[in-house]
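> Would you be able to build a 3D model of this:
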Amino acid sequence: MKRLFGLAIAVFAAVSCSGGWQPLFDGKTLEGWRGVDGEDVPASYWNVVDGTIVSHPTLEEVPGTKDIITEKTFRDFMLKVQFRLEEGSNGGIKYFINPGKLSSPSIGFEYQLIDDAGFGKMYFKINNVQTTASLYDLLSANKMKADFKPYEWNEAMISVKGGKVEHWLNGVKVLEIDRFSESFDRLVVNSKFSEEKGFGKFDGGHILLQDHGSRVHYRNIVIKEF
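Below is the predicted model:
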């Protein structure tokens with residue numbers, strides 16, 4: 001079974017990385033990633049298990065949270081990430097991450113990942129801009145046709161080209177926004193980012209996987225730059 005799984009990963013990588021796609025995860029290590037604070041990330045927070053990056057892989061109690069970011073920065077790109085949630089889990093894929101420029105090194109655009117129904121039952125109710133595939137706290141995702149099943153593998157895709165930002169889920173576009181538009185600025189004013197000068201306007205940044213203290217699985221992470 002493990003041999004077949006490894007073969008599937010290799011086939012996906014070969015297909016995805018044609019046509020300009022490049023891997024951000026080798027399927028074995030966290031090479032190319034580091035803590036958002038610049039430090040290495042302990043295995044109790046993030047590790048590679050059976051070809052996937054897993055947050056809190058052992059579910060042991062560890063203090064605080066530790067986000068990880070790519071060592072490289074990206075400007076205009078398409079990013080694909082396969083993800084799988086567990087009951088009540090919460091995570092996220094962030095971009096335009098520029099440590100030192102905002103009040104927290106982890107602030108940026110976020111493709112939200114959360115067990116929409118399960119999280120609310122276990123913890124507290126979330127609103128429509130906090131659901132999976134939404135641009136967190138800014139714009140909700142319309143994923144009625146995206147066949148989202150949180151406990152199975154899904155594919156997130158983020159597209160950034162100049163001001164145009166799109167979120168896709170399982171091959172379906174679920175939102176788009178022009179980050180240089182007046183309508184975007186109004187969304188920011190009414191969000192938790194209203195005091196973050198320059199939010200959403202940076203010329204690129206790191207990709208980040210968010211640690212929310214729960215287990216989320218990521219695999220087949222590839223990017224294509226324009």
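> OK, contacts around the residue nearest the centre of the chain?
Nearest to the geometric centre of the chain sits Ile93, at 1.2 Å (CA atoms, centre = their mean). The contact partners of Ile93, taken as CB atoms under 8 Å, 6 or more residues apart in numbering, are Leu79, Val81, Phe83, Glu110, Tyr111, Leu113, Ala156, Ile158, Ile207, Leu208, Leu209, Gln210. Heads up, the C-betas are built off the backbone N, CA and C, glycines and all.
> what's the distance between the second one and Ser55?
In this view, Val81 and Ser55 are 13 Å apart by CB to CB, to the nearest Å.
> Which of the two has more residues huddled nearby?
Here Val81 and Ser55 are set side by side on neighbour count (other CB atoms under 10 Å), and the busier one is Ser55, at 26 against 23.
> wait, doesn't that one sit right on Leu209?
Yes - taking contacts as CB atoms under 8 Å, Ser55 lies within contact range of Leu209: 7.2 Å.
> can you list residues touching both of these two?
Trp46, Gly91.
> Do a quick rundown of the helices in the protein.
2-16, 116-122, 182-189 (DSSP state H).
> Mean pLDDT lowest where, among those?
Ranked by mean pLDDT, the helices of the chain bottom out at helix 2-16, with a mean of 48.
> Tell me the pLDDT of the residue nearest to the centre of the chain.
Confidence score, pLDDT, at Ile93: 98.
> Distance of it relative to Tyr136?
10 Å.
> And Asp37, by the same measure?
Taking CB to CB as the criterion, Asp37 is separated from Tyr136 by 21 Å.
> Please say which of those two ends up with more neighbours.
Higher neighbour count among Asp37 and Tyr136: Tyr136, with 22 against 14, using other CB under 10 Å.
> check contacts around the more buried one.
Contacts of Tyr136 by CB under 8 Å, 6+ apart are Gly92, Phe109, Glu110, Tyr111, Gln112, Val129, Gln130.
> Excluding chain neighbours, what is closest to Gly204?
Arg75 (3.6 Å; CB to CB, 6 or more residues apart in numbering).
> isn't the one you found right next to Asp203, touching?
Yes - in this structure, Arg75 is within contact of Asp203 by CB under 8 Å, at 6.3 Å.
> out of those two, which sits in the busier spot?
Shown here are Arg75 and Asp203; by other CB under 10 Å, Arg75 has more neighbours (14 against 9).
> Run through the residues that contact the more buried one.
By CB under 8 Å, 6+ apart, Arg75 lies in contact with Val160, Asp203, Gly204, Glu225.
> OK, contacts around the last one?
Contact analysis of Glu225 by CB under 8 Å, 6+ apart lists Gly20, Gln22, Phe74, Arg75, Asp76, Phe77.
> who's it bridged to?
Phe77 (DSSP bridges).
> Same check on the first one?
Going by DSSP bridges, Val160 is paired in beta bridges with Phe77, Val165.
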